[in-house]
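**Q** task: produce atomic coordinates for the following.
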Amino acid sequence: MLSALLLTAAISTPNDAIIPASRAGEWWQKRHLAMNAEAAKGGHELLLIGDSITHAFAGDPDTGESFNNRGKDTWNLYFGDRKPLNLGISGDRTQHVIWRLQNGNMEGLKPKAAVVMIGTNNMGVNTPEQIFEGVKAVCDTVHQKSPATKILLLAIFPRDAVASVNRAKVKETNMLLKEWADSSYPTFLDIGDAFLDNKGEIPGSVMPDKLHPMAYGYRIWAMAMEPTLAALLGEKPKTTYSPKNSALVPVVHNRDPYNWMERHEQATRLTHENRTDLVFIGDSIMHNFGGPPVTQGRTQGGMVWQEFYGDRNAADLGFGWDRTENVLWRLEQGELKGVNPKAVVLMIGTNNLMLNTANEIRDGIVACVDHIRADAPKAKILVVGLLPRGEQPYDTLRLKAAAVNRLLPGLGRREDVDYIDFGKRFLQEDGKISRSVMGDFLHPTAKGYQIFAEAIEPWVKAAL
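**A** Take a look at the predicted model:
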């Protein structure tokens with residue numbers, strides 16, 4: 001009898017996830033009205049609809065919240081030319097989004113596409129079935145407002161630990177959403193796996209609180225969504241790289257004590273103001289070569305640089321601790337765009353050895369080459385194989401670097417791309433590395449930079 005009464009009560013209780021409701025906070029009303037004002041301007045062709053996860057991305061209206069613009073560079077790159085409008089408000093549940101859409105957020109708009117990702121804030125108070133109904137109601141509202149708008153319904157992003165109650169509710173809700181969307185009008189896309197490690201957990205670099213993305217998480221989101229979104233918009237995708245390979249996800253650097261962003265700005269000014277002819281791109285091994293822009297304390301190869309490149313209008317775009325993904329971000333942000341150098345030397349990937357497979361690193365290097373080629377279509381490109389590291393021939397990272405190098409010769413068969421592996425020049429007969437050429441068995445000494453410069457000199461001379 002008790003179970004029957006509880007069932008009757010559950011059936012008779014209205015689902016608040018589908019009942020439009022506003023929120024009382026002054027800041028919430030302010031943002032809602034700012035959205036209405038942006039909508040009233042007209043011309044928006046892409047809507048991103050959601051809660052704090054969308055709110056913190058970037059874009060207009062920027063209502064000044066401290067957590068806003070976490071993914072600004074990604075927003076600008078992927079959505080900036082698509083006339084976007086950010087319709088996310090922190091803390092919103094499905095019922096709040098429905099109310100906003102009914103009260104001005106879409107007034108007069110007929111966008112090409114709308115991305116909907118909402119429901120995580122309903123997890124604590126609603127069942128998966130109720131949340132599904134709420135998300136469906138959000139989509140239905142968009143569809144009623146603008147029937148021609150193509151709706152990309154994203155599965156609710158994973159949150160919390162893999163074994164948590166909320167993770168299970170998210171999974172169950174997403175199954176219901178997919179089942180409905182597969183037989184209805186939205187395009188359903190689940191990109192949740194791209195945020196997870198191989199154990200199903202959410203890394204801190206993606207979502208520190210296992211809920212809200214930071215810059216890296218927003219780039220993963222955009223990359224994972226891009227092929228599907230571009231197809232809905234009738235456009236060529238801005239990228240087809242897999243965000244599951246971290247070596248391909250452009251991000252800023254945050255691992256070394258020097259001012260990385262300041263160096264990026266210096267490098268960009270240098271290459272553009274000098275219209276640089278010869279560019280070296282890489283990590284600390286390039287950085288320590290000591291070319292301009294010079295960083296104090298990183299000039300181990302400075303005398304060699306002056307001897308070989310001092311009168312060749314050369315720039316040293318090596319950044320300590322950089323990985324392929326950091327080089328991709330720097331290139332994306334314009335270090336070579338419009339510079340048109342005659343020659344580019346690229347050596348990157350040794351700092352990826354601890355994180356990525358040999359194939360993933362190879363793909364990251366290829367992506368860097370592709371980006372250099374796009375920015376500098378007439379430049380000759382030299383890809384340098386990873387230098388050996390670790391004193392002994394059987395050092396784990398030494399073996400992995402060699403595995404990467406075995407995957408790279410194919411690059412040398414591309415037009416205006418050459419490949420060279422001169423790592424053996426750093427080895428003794430017994431296969432060990434002498435401290436005279438690499439003091440820490442990783443970074444060249446002045447003698448090591450002499451070996452480096454002499455090895456690539458024939459190519460540099462011909463390219464210039």
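**Q** okay, CA-based contacts and neighbour counts for the rest of this
**A** Fine.
**Q** what residues of stretch 364-372 count as buried?
**A** Residues of stretch 364-372 classed as buried by neighbour count (16 or more other Cα atoms under 10 Å): 364-369, 371-372.
**Q** with stretch 286-300 instead?
**A** Buried residues in stretch 286-300, defined by neighbour count with 16+ other Cα under 10 Å: 286-294, 298-300.
**Q** so how far is that stretch from its chain's centroid?
**A** 28 Å (Cα atoms, centre = their mean, to the nearest Å).
**Q** for Ala10, give me the pLDDT.
**A** Note on Ala10: pLDDT of 48.
**Q** likewise for Ser3?
**A** The score at Ser3 is 40. That number is its pLDDT.
**Q** excluding its backbone neighbours, what's nearest the most centrally placed residue in the chain?
**A** With distances taken as Cα atoms, centre = their mean, Arg219 lies nearest the centre of the chain, 3.2 Å away. In space, and not counting its chain neighbours, Arg219 is closest to Thr74: 5.7 Å by Cα to Cα, 6 or more residues apart in numbering.
**Q** could you check which helix or strand contains that neighbour?
**A** Assessed by DSSP states H and E, Thr74 sits inside helix 72-79.
**Q** and the very next helix or strand once past that helix, how far out from the chain middle?
**A** Downstream of helix 72-79, the first helix or strand assigned by DSSP H and E is strand 84-88. Here the centre of strand 84-88 is set off from its chain's centre by 20 Å, with Cα atoms, centre = their mean.
**Q** what do you get for stretch 90-106?
**A** Remark: stretch 90-106 is offset 29 Å from the chain centroid, using Cα atoms, centre = their mean.
**Q** okay, buried residues for it please.
**A** For stretch 90-106, the buried set under the neighbour-count rule, 16+ other Cα under 10 Å, comprises 90-102, 104-106.
**Q** go on, stretch 140-149?
**A** The neighbour-count check on stretch 140-149 (16+ other Cα under 10 Å) flags 140-143, 145-146, 149 as buried.
**Q** I'd like those as a markdown table, with secondary structure and pLDDT appended.
**A** Listed next are those as a markdown table, based on DSSP: H, G, I helix; E, B strand; the rest coil; pLDDT from 0 to 100:
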| residue | secondary structure | pLDDT |
| --- | --- | --- |
| Asp140 | helix | 98 |
| Thr141 | helix | 98 |
| Val142 | helix | 98 |
| His143 | helix | 98 |
| Lys145 | helix | 97 |
| Ser146 | coil | 98 |
| Thr149 | coil | 98 |
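**Q** surely Met347 and Leu386 touch.
**A** Yes - Met347 is within contact range of Leu386, at 6.7 Å (criterion: Cα atoms under 8 Å).
**Q** that older thread, distance of the residue nearest to Arg219 relative to Asp322?
**A** 19 Å (Cα to Cα, to the nearest Å).
**Q** out of those two, which sits in the more crowded spot?
**A** Each of Thr74 and Asp322 has its neighbours counted (other Cα atoms under 10 Å); Asp322 has more, 26 against 23.
**Q** what's the closest non-adjacent residue to that one?
**A** That would be Asp283: by Cα to Cα, 6+ apart, it lies 4.8 Å from Asp322.
**Q** and the pLDDT at that neighbour?
**A** The per-residue pLDDT reported for Asp283 equals 97.
**Q** tell me the contacts of it?
**A** Residues in contact with Asp283, defined by Cα atoms under 8 Å, 6 or more residues apart in numbering, are 318-323, 347-348, 351.
**Q** please apply the same query to Gly385.
**A** 347, 405, 408, 419-423.
**Q** likewise Leu101?
**A** Going by Cα under 8 Å, 6+ apart, Leu101 touches 141-142.
**Q** with Met214 instead?
**A** Met214 makes contacts with 70-71, 205-208, as judged by Cα under 8 Å, 6+ apart.
**Q** which among those residues count as buried?
**A** Listed as buried from the contacts of Met214 are 70-71, 206-207; burial here means 16+ other Cα under 10 Å.
**Q** okay if I get those as TSV plus secondary structure?
**A** Shown next, in TSV, are the buried ones among the contacts of Met214 (DSSP: H, G, I helix; E, B strand; the rest coil):
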residue	secondary structure
Arg70	coil
Gly71	coil
Val206	coil
Met207	coil
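**Q** which of those residues sits closest to Glu391?
**A** Proximity of the buried ones among the contacts of Met214 to Glu391 (Cα to Cα) peaks at Val206, which lies at 34.4 Å.
**Q** nearest residue to that closest one other than its sequence neighbours?
**A** Val206's closest residue in space is Gly217 (Cα to Cα, 6+ apart), at 4.5 Å.
**Q** re earlier: list just the nearest of the contacts of Asp283 to Leu248.
**A** Taking Cα to Cα as the measure, Leu248 lies nearest Arg323 of the contacts of Asp283, at 9.8 Å.
**Q** surely the closest one meets Thr350?
**A** Yes - counting by Cα under 8 Å, Arg323 touches Thr350, with 7.4 Å between them.
**Q** on that earlier part again, so who does the residue nearest to Val206 touch?
**A** Neighbouring residues of Gly217 by Cα under 8 Å, 6+ apart: 195, 205-207.
**Q** and the two most separated of those?
**A** Longest span within the contacts of Gly217, Cα to Cα: Phe195 and Ser205, 9.8 Å.
**Q** can you put the buried residues of stretch 140-149 in a markdown table and add distance to Tyr78?
**A** Shown next, in a markdown table, are these (distance: Cα to Cα, whole Å):
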| residue | distance to Tyr78 |
| --- | --- |
| Asp140 | 26 |
| Thr141 | 26 |
| Val142 | 22 |
| His143 | 24 |
| Lys145 | 25 |
| Ser146 | 23 |
| Thr149 | 19 |
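**Q** ok, how many other residues are close to Gly25?
**A** 8.
**Q** kindly report the same for the one 5 residues further on.
**A** In terms of burial, Lys30 registers 12 neighbours under the definition other Cα under 10 Å.
**Q** what's the answer for the one 3 residues further on, then?
**A** Other residues near Leu33 number 17, with proximity taken as other Cα under 10 Å.
**Q** where does it fall, phi/psi-wise?
**A** Main-chain torsions, Leu33, degrees, to the nearest 10: phi -70, psi -30.
**Q** show me what contacts the residue nearest to Arg219?
**A** For Thr74, the contact set (Cα under 8 Å, 6+ apart) comprises 215, 218-219, 222.
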